[in-house]
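Participant: Using only what follows, build the 3D model:
(chains A, B and C)
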Amino acid sequence: MTTDAPQAMASTPLYQQQPQPVPATRRLLVSQSLVQPEVNALQAALAQFAEPLQVLVLGESAVDPVALDSVEAFAGPQLLRARLQTLLATAPVGTRLYLCGDEVFLWDCRQLAEEAGLLDEEIELFRTGARRRLYCVHCATFQDITDEALSECTCCGVQLLVRTHFSRRLGAYMGVCSDPNLPRAEVRP
Amino acid sequence: MSAAIEVRVAAVRQLTPVVREFTFEPLQGRLPGFSAGSHVVVHMPLAERTLRNAYSLLSDPTERGHYRIAVRLQDESRGGSRFMHEQVKEGDRLQLSPPANLFSPSSQARRHLLIAGGIGITPFLSYLPELRARGADFSLHYAFRGGLTDAYRQQLQAELGERLSCYDAEAGCFLDLPRLLGEQPLGSHVYVCGPQSLIEAVREQAAALGWPASRVHWEVFAAPEPGQPFVAQLARSGKRVAVGSDFSLLEALEQAGVEVPNLCRGGVCGQCDTRYLDGEVEHRDAFLGAAERATHLMPCVSRGRCGSALLLDL
Amino acid sequence: MPVTFKPLESYRDDFSFANSAEAIRRFPFPFAEDSYMYSVNIEPATPREPGSVFAHWFDIDEHYLSEMAERALVLEKDPDRCLVMPHMAQAAWDTLEMLMEHLAADYPEHFELRREGSDWLWINRPLQIEQRFTFGDPASLPCEPLEYITRQVQGDFAVLDQRDGNLYMDAGMVTCPADWSIKFDAGMSFTQWHAPVPMAHQMGVFERALKYLLNIQVDHPVRRLNWTMTINPRLDTSSETFHEWGHERSQITPENVARKVHLRVELQFMPRLPRSNALLFGIRTYLISLEELASNPAWACRLHRVLRDLPEAIADYKGLSLYRQTVVDWLAQFDPEAVAA
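Facilitator: Residues are numbered from 1 along each chain as shown, chains lettered A, B, ... in the order given. Predicted coordinates:
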């Protein structure tokens, strides 16, 4: 299948609007930002739970410290990832992870959480922003895109059709040669 | 339905006053291999009917020469466990269905918490060699009534040391589930086998602590509970099958020569689900969703209501 | 009757692959009716008549040497077409054991397995391999066990982990897929990797098929046939190489259609792996040109009707749209109804 219309498939990820009302012993929010309205709504919803909410956030966001039990801000993604890893290494079953950000951010964090032993059902994803990841199926290179339907592979130069077929393991949409009849500058390396 | 395996009873051991162990050898050829947590269905030819009960394989999966099962004598036996205890002797021949596994250790788990109640120890006996070979992190929590349902206790104590915790109800010692399930590291999975009440308690406690269902694995082997007698009409063959109060619908169909594919015979695996066209159904399975129940039932546990004629698409 | 192997033929470049009369005779023609629609066409894999592709669990045919050489070429360029996640190590050994046992029992003139405890000796005469190794010890083989054995067996193999009431494609050797990618689909659930297939989801086909597959018992495998079409006898029609072969679909003319267009049939074979409880998903691919296929006029007539009436969405998904009409026109000569009309 190489020419599907860009409609959702069974592999296309769905993102949440509201946190699920399920029991947990610890709740952890990891967000790319704390200033977008979507994030504020999520924070407010999470504040309704009885358990304490711990927050990790990227950047020097404006934070209202009263509303939250604990907020830690990080200058860069590497620092945030390292802190998340440390927290999850000692976290018990019953921990719920809420991720908020663009798809690249979400799936990077999710992969890290999965490595730490969290399951699908324990991670909730809230999407903000258009950035997402594309995988070139011809040369296995990743690149970041937004909502474009076509994109040229930065490595092999093939014009890629952005499919809705999505790999959770790779955190990326499949990009496949959009027109094999088009001449190409170069073939795969 | 898969062809049965012919076996000879190679050994019988009485382990406790209510638990007997049986070792089976193949009559010819090799026994099919199996994975940790597998069960077989034993066909028991009683005088008036053939019963088929599922039993966990408790031998080491790397040993291919024989199978072992253990059977607890049930107070409310419909005749199956009584047959195994009173009739089956060394040298007898029996038929088994091939191994199936509905209770496999999760490939994703980094710590395995095994909880057994009484005869529910059996599937874990095949887990242990497997988990040890993997070098896995595991612990076994075994609740029983000392001197009655504590089969394999000494053997396990010798093999597992600190990885085994025993809870003898006779000594007033009980599982503390909130403590056991609280503060387990990410990557833990819990497995429970035993009486329905124990399984319910573990599932409820786990859910309350925020464990998602995919971390909680359970297996129950219960004979179908009796119910009111009813009649099933088969739309395609035109047969009429009367289901007595201590028969399951599946058993009554088999008795009438109608084979329905099945694996667990306990309302869990979904293999036997059968379409019905008319009639009121008492659903007792743990597999079908509400929408599916409008058209399908699982004859291994579910029944037609008394007085209502059940019309099956068979 | 022992299989005899043809000398090396190619599945690329000059495409010297061709079927003998015997290979045509035993070709698994997949259509039982004059029309085609998705269905759960899974059946118990009971052995069928000797010599047929259904006689053994793993069919070895005259193309063995060529297909193994083709697999080696694909892996040389793209070693990640074989992938085994760490938790699938036991399933990989299970696969190796199953394949060696069956090949040695079914084709004793070509393969031999001697075992003493975990000391094994594997002999593959056509590929001139004699390998002593310790079962369970990956260091005793020249490469990872799934890769080792599937470099010696025709067809693709996906190895599926069974958990949470689903199947996950967590290992596989996939060098001749019909337009999909193991490198992309690895780790996906049964529903996710079938996501691109149109219509069938709505029909509930995958839900029913999944339930069937989850309940497969040891020693009771099942099988089904699937089909598509391929231009030239190209085995590696993967997504990875689509940019290299996709253009061939627009090169079909009435003059070359009979030689270039091939019916591609997958014999899918699914046994339970006994020790790991994983499910092996074997995909054995057979190619036949229209010219070869038409040596059986009943097949050609039926294929004419199937392709003529195939729903647009399925034709699109199978990538036939660009040349379907040319094929239908050529096949019409074998359909008495079409000739009369």
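Participant: Name the spans of chain A whose pLDDT lies under the cut-off.
Facilitator: Using pLDDT under 70 as the threshold, the predicted model of chain A has low-confidence ranges A:1-6, A:60-69, A:183-189.
Participant: if you set the cut-off to 80 instead, what comes out?
Facilitator: By pLDDT under 80, the low-scoring segments of chain A are A:1-7, A:60-70, A:182-189.
Participant: quick one, domains of it?
Facilitator: Per the record's domain assignment (automatic domain parsing), chain A is made up of the domains A:26-127, A:132-177.
Participant: Show me which positions of stretch B:105-120 end up buried.
Facilitator: Under the neighbour-count criterion of 16 or more other C-beta atoms under 10 Å in any protein chain shown, stretch B:105-120 has B:105-109, B:111-120 buried. Every residue, glycine included, has its C-beta placed from N, CA and C.
Participant: just checking, which of the residues you listed belong to strands?
Facilitator: When the buried residues of stretch B:105-120 are checked against strands using DSSP state E, the ones located there are B:111-117.
Participant: Mind putting those residues into TSV with pLDDT and distance to C:Met100?
Facilitator: Formatted as TSV, these follow (pLDDT from 0 to 100; distance: C-beta to C-beta, whole Å):
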residue	pLDDT	distance to C:Met100
B:Arg111	97	34
B:His112	98	31
B:Leu113	98	37
B:Leu114	98	33
B:Ile115	98	39
B:Ala116	97	37
B:Gly117	96	41
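Participant: any idea which of the residues you listed is closest to chain C?
Facilitator: Checking these against chain C with C-beta to the nearest C-beta, the nearest one is B:His112 at 13.3 Å.
Participant: Would you map the helices across chain A?
Facilitator: A:37-46, A:77-89, A:103-115 (DSSP state H).
Participant: could you give the angle of the last one to helix A:77-89?
Facilitator: Our comparison of helix A:103-115 with helix A:77-89, counting by axes from the mean of the first three to the mean of the last three C-alpha atoms, to 10 degrees, yields an angle of 30 degrees.
Participant: Can you tell me which residue is spatially central in the chain?
Facilitator: Just so you know, I chose chain A. Within chain A, the residue whose C-alpha comes closest to the C-alpha centroid is A:Leu106; the distance, by C-alpha atoms, centre = their mean, is 1.5 Å.
Participant: You answered for a different chain; I wanted chain C.
Facilitator: Geometric centre of chain C, nearest residue: C:Arg284, 2.5 Å, by C-alpha atoms, centre = their mean.
Participant: Excluding covalently adjacent residues, which one is nearest to it?
Facilitator: Take C:Arg284 and drop its neighbours on the chain: the residue closest to it by C-beta to C-beta, 6 or more residues apart in numbering or on different chains is C:Gly155, 3.5 Å away.
Participant: wait, the one you found sits on C:Tyr286?
Facilitator: No - with contacts defined as C-beta atoms under 8 Å, C:Gly155 does not count as touching C:Tyr286, sitting 9.5 Å away.
Participant: so what sits against both of the two?
Facilitator: Each of C:Leu267 lies in contact with both C:Gly155 and C:Tyr286 under the rule C-beta atoms under 8 Å, 6 or more residues apart in numbering or on different chains.
Participant: and chain A, which of the buried residues of stretch B:105-120 reach it?
Facilitator: When C-beta under 8 Å from any C-beta of the partner chain is applied, the members of these adjacent to chain A are B:Gln108.
Participant: Show me what from the stretch 1-150 of chain B comes close to chain A.
Facilitator: If contact is defined as C-beta under 8 Å from any C-beta, the residues of the stretch 1-150 of chain B in contact with chain A are B:108, B:110.
Participant: residue in the stretch 1-150 of chain B nearest to chain C?
Facilitator: The shortest separation between the stretch 1-150 of chain B and chain C is 3.0 Å, found at B:Gly33 (distances taken as C-beta to the nearest C-beta).
Participant: how close does the spatially closest residue to that residue that is not a sequence neighbour get to chain A?
Facilitator: Take B:Gly33 and drop its neighbours on the chain: the residue closest to it by C-beta to C-beta, 6+ apart is C:Pro274, 3.0 Å away. Going from C:Pro274 to chain A by C-beta to the nearest C-beta, to the nearest Å gives 27 Å.
Participant: now do the same end-to-end measure for stretch A:30-47.
Facilitator: According to C-alpha to C-alpha, to the nearest Å, stretch A:30-47 extends 14 Å from its N-terminal end residue to its C-terminal end residue.
Participant: That stretch near chain B anywhere?
Facilitator: No - using C-beta under 8 Å from any C-beta, stretch A:30-47 stays clear of chain B, coming no nearer than 14.3 Å.
Participant: ok so, going back, which one of the helices of chain A is the most hemmed in?
Facilitator: helix A:103-115 (a mean of 20; mean count of other C-beta atoms under 10 Å in any protein chain shown).
Participant: For it, list the C-alpha coordinates in PDB.
Facilitator: Extracted in PDB, the C-alpha atoms of helix A:103-115 (Å, rounded to 0.1, in the frame of the first residue of the first chain):
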ATOM      1  CA  GLU A 103       4.300  14.500  18.800                       C
ATOM      2  CA  VAL A 104       8.100  14.400  18.700                       C
ATOM      3  CA  PHE A 105       8.200  15.400  22.400                       C
ATOM      4  CA  LEU A 106       5.400  12.900  23.300                       C
ATOM      5  CA  TRP A 107       6.900   9.900  21.700                       C
ATOM      6  CA  ASP A 108      10.400  10.600  22.900                       C
ATOM      7  CA  CYS A 109       9.200  10.700  26.500                       C
ATOM      8  CA  ARG A 110       6.900   7.800  26.000                       C
ATOM      9  CA  GLN A 111       9.800   5.600  24.700                       C
ATOM     10  CA  LEU A 112      11.800   6.500  27.800                       C
ATOM     11  CA  ALA A 113       8.800   5.700  30.000                       C
ATOM     12  CA  GLU A 114       8.400   2.300  28.300                       C
ATOM     13  CA  GLU A 115      12.000   1.500  28.800                       C
END
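Participant: helices or strands up against that helix?
Facilitator: For helix A:103-115, the elements it packs on are helix A:77-89, strand A:95-101, strand A:123-127, strand A:132-136, judged by 3 or more C-beta pairs under 8 Å, 6 or more residues apart in numbering or on different chains; DSSP states H and E.
Participant: need the contact list for A:Arg132.
Facilitator: Counting by C-beta under 8 Å, 6+ apart, A:Arg132 touches A:102-104, A:144-146, A:172-173.
Participant: if I pick residue 24, what's in contact with it?
Facilitator: As the question left the chain open, I've gone with chain A. Under the criterion of C-beta under 8 Å, 6+ apart, the contact list for A:Ala24 reads A:49, A:51, A:94-96, B:210.
Participant: if you could check chain C rather than the one you did, that'd help
Facilitator: With the criterion set at C-beta under 8 Å, 6+ apart, C:Ile24 makes contact with C:288, C:292-293, C:295-296.
Participant: Among those, which ones lie close to chain B?
Facilitator: Judged by C-beta under 8 Å from any C-beta, the overlap between those and the neighbourhood of chain B is nil.
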